[in-house]
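A.B. asks: Sequence and computational prediction follow.
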Amino acid sequence: MKIKEIHIYGFGKWKDHSIKLENEQVTLITGQNEAGKSTLYQFILFILFGLPPKEREFYRPKSGGTVGGKLIVSTLEYGEVGIERLHEKENGKVVCYMQDGREEGEEWLKYQLGRMNRDVYDSIYSFNAEDLTNLNQLRGSEIGEVLLNIGLTGSEQIYQTEKWLDKMSQDLFKPKGRKPEVNQQLQVVEDLYRKQAMAEKEEGSYQKLKSDLIKWTEQVKETSEEISDRRSEQYSLEQMIKALPLVLEFHQLKAEMKEADGDDSFPEEGRERYQQVKEAILPLESEKQVTKTKQEEWLSRQQAIKQQLVSEEDWKEAESLLEKQAGFERASHEIEQWKERKAELQEKIEYDRKQMHVPIQDDEWNDYSFPFYIEETWSSLKQEAKTIDQEEARLDERESELKVDKHSIQKRKESLAQKMMDEDKVRSYTEQLTMHGQTGASSHDETPAQLLKVYRLMWILFTMILFTAGWTIALLSSLMVIGLIATLMSGITAFCAFWSHRSLQKVVPVKEHPSAPVHSVSEIQQKLSEYEKDKAERAHLEDQERNVSQEEIRLEERKRHLNQRKKRLEAGIQEQETLYPFLTSLSIDHWEKLYHWLTQAKQKWSEIEKLEQSIKEHEEWIHRVLHDLKRFYERLNWESESKEPLVIWSGLRSWANQHQQLQKELSSVNEQISQTEQQLKEINARLDVYYEKRQDLFNQAGVPSEEAFYLRLKQTETLNEQNARRHSLIQQTHRLLSEKEQKQFAVWQHPPDESKLQVQWNATKEKMQDKEKEQRELQQQVADAKSKLRTLESSGQYSELVHYYEAERSKLKDLAIEWAKYQLAGHVVHKTKEKYKQTYLPQVLEQAGKYFSRLTSGKYPAVHLLEDREALRIEDCEGKVYEVFELSRGTRDQLYVSLRLSLGKIMAETVRLPFLLDDAFVHFDQQRLPVMLEIIEEMSNDHQTILFTWRSDLASSFQKVEEHKL
């Protein structure tokens, strides 16, 4: 278990405070005195183990509020768990919040803490400076044993417990002692026993009288039992005499029932059940008769309707004809509409033909097809023709522009050729200008020398700054590498400066023989400048002339390509005119628009053809329907020759409606007949159930008819009354006589004789009177004996000795039991120590020896156990052995800490809990403290360690630590 977060709602000086412990190793909580370290230490123990109510109240914040908080701990099995404890909530009970939403209580927390209480936890996983103070308050001979017990349990409590148990046992009893309480009590009991024996001899008659008293008391008891038996016997006889009339009546009734018919088979509650069945049958039989009458009426109506209906074949044919009526009327109407639509379309086609001016006749529309891509083809041909015309115009225009540009360039070249100087003259001017420039250059020799001097100073200054800065940084940071790098860079910089200086010296020319200056320099420069401009313009004109020639070549290529496009266009137009000859009469510009007129006219002609086909099919279908209708009229002998189709259809519809009404009525009648039949079935089924119930009652009663049933019912009721009376007599007899008395007098087998009962009662009464007289005499003897004994006991010290002896003997027994408890407890503690010594103590002492050796810088390398004295001894590096009390106080403190840490490390292998240390090393010197902190950091690798201290400088002594300042 590891503590991850601490949330304090209120505890001592802390209120609404939280701490997150993120480090997996040492956690350092620092703060000055009164900063709240010990309060935080006590808060962790309170959450884990709780506190009594008074101690919880002690930690209530001064500003008020709740007492409690929460620890977030990490466990291997359950992950992160929140442990919350509040003073006001269920008397400080803990609540553990799991990650899955469950809540656990004290039992779960105890299991996670290894079933240990706070004292055990304090003795193993927690200690402070106060423990060292208590250690140094012991006597020298006790220190070794106390440290041994600390190695056993982490606490000196076991040593204190053993000492206390031994002291309490010695205070109670010693085999050869006189002052212990049990020894003194043994002497008192022996003295009282001797005195009692002497007094008993002096009063020998007392025992005889006491023996007689016991005998007479037993006789009184036996006599009382006999009197009780006689009184019980007398009571039984009296009760039998009272119950005798009931018993006689019972036997008389029994004889009468035996003489009657023995057949008692009759259904239970037969009268009520038969009456219920009878009441159910009567209305059902009446309902059955009414239903039969209705059924006969409906059957008569059914026969009359069937005589008015035609055959099924005729009706189906009529229905078939009527189903076609709507289609007949719809077809007639559609034919009229289609004829009108056909005439309308023919007019539109004629109009379109006139608008298009194309020679297409009606019978030619099916010869041409106008697929969707034809429009795109005609459009592309039109667009191509337009594009070719535009391109041809642009090429002609460009050709004219090139001719103008070429003529202009030729004229400008001729003008420049007349204006420009010849080459010889240009060379002469150039030489004169060069000689003049060399003469005037000597006046500027001073400037490059000054530049060389400035460059040299700059390189020197930069090299010094680089060298100084590098070695300054190297000395400050203790890194000599930086100084070496700075030296190397300074050398490279100096070399670069030298090389640059040499290069600049070579660049500066030195003139020893200056020539004479040239006159009219500005005029020469102006002429040369004009010459260069003309030369550049001439080059530009030559470039333009070349560009014009290239453009003419490209223009010829474009014309050739345009002619090829014209040929392809003419081939495409010719192909379309072959497919559609009527296009020859129109310009290509109108083809795209013509396509829409043609497709619309084509669609109209297709619609006309479809209309003609539909009109033809509908007219043929109407003719067939009229033929079937007239044939149906002839079969039924109806007049149809002189009637219009509308009248014929109307007559058939009227007759069909009447026939349908008859069919509906027949269906309703059939339904009524079915319902009456179903009702009769249901009534008969219900009657059958009641008939079966009635017959079942007859069978149970063993009779064939209703009359016999009622006769049998009367006999059964009489028998039931007799049984009820018999049962009542039995109940009354049971109330007067017990089961034992009933068996004693055999009341159910035969009636007892009243005279014999009276004689027995008188005899029992006489015996009881004799025993009562004997009892009174014995009671008198007992009273006399008790009086004499009281006189003897009040007259001497015997009774006092007996009472005092028993009291002191009881006291001795209590003291012996108490002494045995202390002996047993001491034995159990001793056995527990022995078992622990054999199991864990060698490991604890071995680990403690390692810690102690490190803390003492190897001066004391081993810690051993004195088996005979049960104490520790210390061996130094030279092999000398010391008792613990011979060590200095500081060394004893280090041994104590070693034992505590060793015990915690060994026990942590079983139960891993946080290790809490509260200023436990405040007295360690500067040599021992770093070693102690190193040991703590090693322990923190195995389980969480939290160190509370006022020293904030300890954080720097750990390699990995998490510090929280309070």
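C.D. replies: Ah, there it is.
A.B. asks: chain center to stretch 243-254, what's the gap?
C.D. replies: What separates the centre of stretch 243-254 from the centre of its chain is 81 Å, taken as Cα atoms, centre = their mean, to the nearest Å.
A.B. asks: Quick one: list the elements packing against the strand or helix carrying Y691.
C.D. replies: Per DSSP states H and E, Y691 falls inside helix 645-701. When contacts are defined as 3 or more Cβ pairs under 8 Å, 6 or more residues apart in numbering; DSSP states H and E, helix 645-701 packs onto helix 270-308, helix 312-356, helix 591-635, helix 706-736. (C-beta placed from N, C-alpha, C; glycine too.)
A.B. asks: repeat that with 6 Å
C.D. replies: Using 3 or more Cβ pairs under 6 Å, 6 or more residues apart in numbering; DSSP states H and E, the elements in contact with helix 645-701 are helix 270-308, helix 312-356.
A.B. asks: which residues in the stretch 1-150 of the chain form helices?
C.D. replies: Assigned helices in the stretch 1-150 of the chain, in chain order: 37-49, 53-58, 106-112, 118-125, 129-135, 140-153 (criterion: DSSP state H, counting those that start in this stretch).
A.B. asks: ok, longest strand in this protein?
C.D. replies: Counting by DSSP state E, the longest strand found in the chain is strand 2-11.
A.B. asks: what residues does that one touch?
C.D. replies: For strand 2-11, the surrounding residues in contact (Cβ atoms under 6 Å, 6 or more residues apart in numbering) are 14, 17-21, 43, 59, 61, 65-74, 914, 944.
A.B. asks: Given that strand, what are its sheet partners and their directions?
C.D. replies: Using DSSP bridges, strand 2-11 pairs in its sheet with strand 14-20 (antiparallel), strand 68-75 (antiparallel).
A.B. asks: What residues of the first one count as buried?
C.D. replies: The reference is to strand 14-20. For strand 14-20, the neighbour count (16 or more other Cβ atoms under 10 Å) marks 14-15, 17, 19 as buried.
A.B. asks: Compute the inter-axis angle for it and helix 37-49.
C.D. replies: Going by axes from the mean of the first three to the mean of the last three Cα atoms, to 10 degrees, strand 14-20 is angled at 80 degrees with respect to helix 37-49.
A.B. asks: contacting residues around strand 14-20?
C.D. replies: Applying Cβ under 6 Å, 6+ apart, the set of residues contacting strand 14-20 from outside is 5-8, 36, 61, 964.
A.B. asks: hmm, 8 Å instead?
C.D. replies: 4-10, 29, 36, 39-40, 43, 61, 63, 65, 964 (Cβ atoms under 8 Å, 6 or more residues apart in numbering).
A.B. asks: For the lengthiest helix in the chain, which helices and strands make contact with it?
C.D. replies: Looking across the chain with DSSP state H, the single longest helix is helix 521-579. Using 3+ Cβ pairs under 8 Å, 6+ apart as the contact criterion, the elements in contact with helix 521-579 are helix 372-419, helix 423-439.
A.B. asks: now it: how far from the chain's centre is it?
C.D. replies: Computed by Cα atoms, centre = their mean, the separation of helix 521-579 from the middle of its chain amounts to 84 Å.
A.B. asks: contacting residues for Q775?
C.D. replies: Neighbouring residues of Q775 by Cβ under 8 Å, 6+ apart: 220, 223-224, 227.
A.B. asks: Let me have these in CSV, extended by distance to R686 and secondary structure.
C.D. replies: Output for these, formatted as CSV (distance: Cβ to Cβ, whole Å; DSSP: H, G, I helix; E, B strand; the rest coil):
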residue, distance to R686, secondary structure
V220, 83, helix
T223, 81, helix
S224, 77, helix
I227, 76, helix
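A.B. asks: List buried members of the residues you listed by neighbour count.
C.D. replies: Burial by neighbour count, 16+ other Cβ under 10 Å: within those this picks out 220, 223, 227.
A.B. asks: Next one: the spatially closest residue to the last one that is not a sequence neighbour relative to P53, how far apart?
C.D. replies: Closest residue to I227 apart from its sequence neighbours, by Cβ to Cβ, 6 or more residues apart in numbering: K771 at 4.8 Å. Distance from K771 to P53, counting by Cβ to Cβ, to the nearest Å: 69 Å.
A.B. asks: Look at those two and report which has more neighbours.
C.D. replies: Comparing K771 with P53 by neighbour count (other Cβ atoms under 10 Å), the higher total belongs to K771, at 19 against 10.
A.B. asks: Contact partners for that one?
C.D. replies: With Cβ under 8 Å, 6+ apart, K771 has these contacts: 223, 226-227, 230.
A.B. asks: Could you do L113 as well?
C.D. replies: Neighbouring residues of L113 by Cβ under 8 Å, 6+ apart: 1, 48-49, 121, 911, 913.
A.B. asks: SS state for H964?
C.D. replies: Assigned with DSSP: H, G, I helix; E, B strand; the rest coil, H964 falls in the strand class.
A.B. asks: ok, the nearest residue to K254 once chain neighbours are set aside - how many residues close by?
C.D. replies: Ranked by Cβ to Cβ, 6+ apart and with sequence neighbours excluded, the top spatial neighbour of K254 is R726, at 7.1 Å. By other Cβ under 10 Å, 16 other residues sit near R726.
A.B. asks: what does F127 give?
C.D. replies: Residues lying near F127 (other Cβ under 10 Å) number 23.
A.B. asks: That one and F915 touch, don't they?
C.D. replies: No: F127 lies out of contact with F915 (Cβ atoms under 8 Å); the separation is 9.4 Å.
A.B. asks: Confirm that V863 sits in a strand.
C.D. replies: Yes: counting by three-state DSSP, one finds V863 located in a strand.
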